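Engineer: pasting the sequence and the predicted coordinates here, then a few questions.
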Amino acid sequence: MFIDFILLFLFSGLPYYIYFEKTKKLEKEKIFFLSAFLLICGAILVSIFPNEASMPFIVIAFLSSLFSLYKANQTTNLYKLCYYILFFNAPVLIMFKTEQTILYTISLLLGLFGLYLIGKYYERNYGSANYQSISGITLVTPYAGLFLTTYLTALALYPPLPNSLLFLYGILTTEMNTMWYFIVIVIFFGNFLIAVRVMAKTVFGKPNTNVHYIDLTLSEKRIHLSIIIILLLLSIVALKEILS
């Protein structure tokens, strides 16, 4: 039970909701890195002390997840979106077995880090990581649009990108019950709806003639391309695990 409590604390965003959201002592981008660090700590803890989560902790994580889903659908800030999506996936991270938790954590963090970098690109060139204020940017900047679309597609659990395959792998290797089925359905469609909502307001928006469009630099393109290559390699790993 003690391990369950620690995992709940590390995965579900409780430090943010209890303290950082109210005090505002950390900037949004720093909260993302703190949340990612806590997630990594949780994955390491799972690898050292494998355990089967108890239902009360899973229910608490799920309730926190629903709140994160609400927050994700309210924000237009890409930094906030990153850690809300992370918190939203907490229940499955707690419920998956050790190997699936670690692999899904890696895949999730890669996609979110890519989304974070797009947020940095928005902030540097347009003064804000809020995508709504510069609707249509990705139609005129094809590389930014391509990478943003790829990350959102991965986070929306579309195959053949690794998030979807590892999510399926976790389902196939976890002992299922009624509550588990319900949580899986909510997490799957929640990730999908979050990503689709952002796509509709960025990738498929109408170009704004009042905005001076700037595309990614060469070094930024290389970083994003590296992330996507790693995601594709993870897809191969996930597919091998499913078929084995």
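Structural biologist: Perfect, thanks for sending it.
Engineer: count of neighbours near the residue nearest to Val59 when sequence neighbours are not counted?
Structural biologist: Leaving out its chain neighbours, the residue that sits closest to Val59 by Cβ to Cβ, 6 or more residues apart in numbering is Met179, at 7.6 Å. For the C-beta atoms, the positions are set from N, CA and C on the backbone; glycine is no exception. Look at Met179: counted by other Cβ atoms under 10 Å, it has 14 neighbours.
Engineer: flag the shaky bits of the protein, pLDDT-wise.
Structural biologist: 1, 133-142, 202-213 (pLDDT under 70).
Engineer: tell me where it has helices.
Structural biologist: 2-11, 14-15, 21-23, 28-48, 55-72, 78-88, 90-95, 98-126, 137-140, 142-155, 162-173, 178-201, 218-243 (DSSP state H).
Engineer: in the first one, what's buried?
Structural biologist: When neighbours are counted by 16 or more other Cβ atoms under 10 Å, the buried residues of helix 2-11 are found to be 3-4, 7-8, 10-11.
Engineer: next one: the last one
Structural biologist: For helix 218-243, burial by neighbour count (16+ other Cβ under 10 Å) applies to 220, 223-224, 227-228, 231, 234-235, 237-239, 241.
Engineer: just the closest of the residues you listed to Ala195, please.
Structural biologist: Ala195 lies nearest to Leu231 out of these, by Cβ to Cβ, at 14.5 Å.
Engineer: ok, now which ones touch Met179?
Structural biologist: 55, 58-59 (Cβ atoms under 8 Å, 6 or more residues apart in numbering).
Engineer: and those as JSON lines, adding neighbour count and distance to Glu21?
Structural biologist: Shown next, in JSON lines, are the contacts of Met179 (neighbours: other Cβ atoms under 10 Å; distance: Cβ to Cβ, whole Å):
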{"residue": "Met55", "neighbour count": "12", "distance to Glu21": "27"}
{"residue": "Ile58", "neighbour count": "20", "distance to Glu21": "23"}
{"residue": "Val59", "neighbour count": "13", "distance to Glu21": "22"}
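Engineer: need those in a markdown table (columns: distance to Leu34).
Structural biologist: Below are these laid out as a markdown table (distance: Cβ to Cβ, whole Å):
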| residue | distance to Leu34 |
| --- | --- |
| Met55 | 28 |
| Ile58 | 24 |
| Val59 | 25 |
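Engineer: quick check, nearest of the residues you listed to Asn125?
Structural biologist: Ile58 (41.8 Å).
Engineer: let me know the closest of the contacts of Met179 to Leu108.
Structural biologist: Of all the contacts of Met179, Ile58 has the smallest distance to Leu108: 18.1 Å, by Cβ to Cβ.
Engineer: wait, the closest one sits on Phe182?
Structural biologist: No - the pair Ile58 / Phe182 is not scored as a contact, 10.8 Å apart, by Cβ atoms under 8 Å.
Engineer: and the gap between Ala36 and Ile185?
Structural biologist: With distances taken as Cβ to Cβ, to the nearest Å, Ala36 is found 26 Å from Ile185.
Engineer: cool, and Leu7?
Structural biologist: From Leu7 to Ile185 the distance is 22 Å (Cβ to Cβ).
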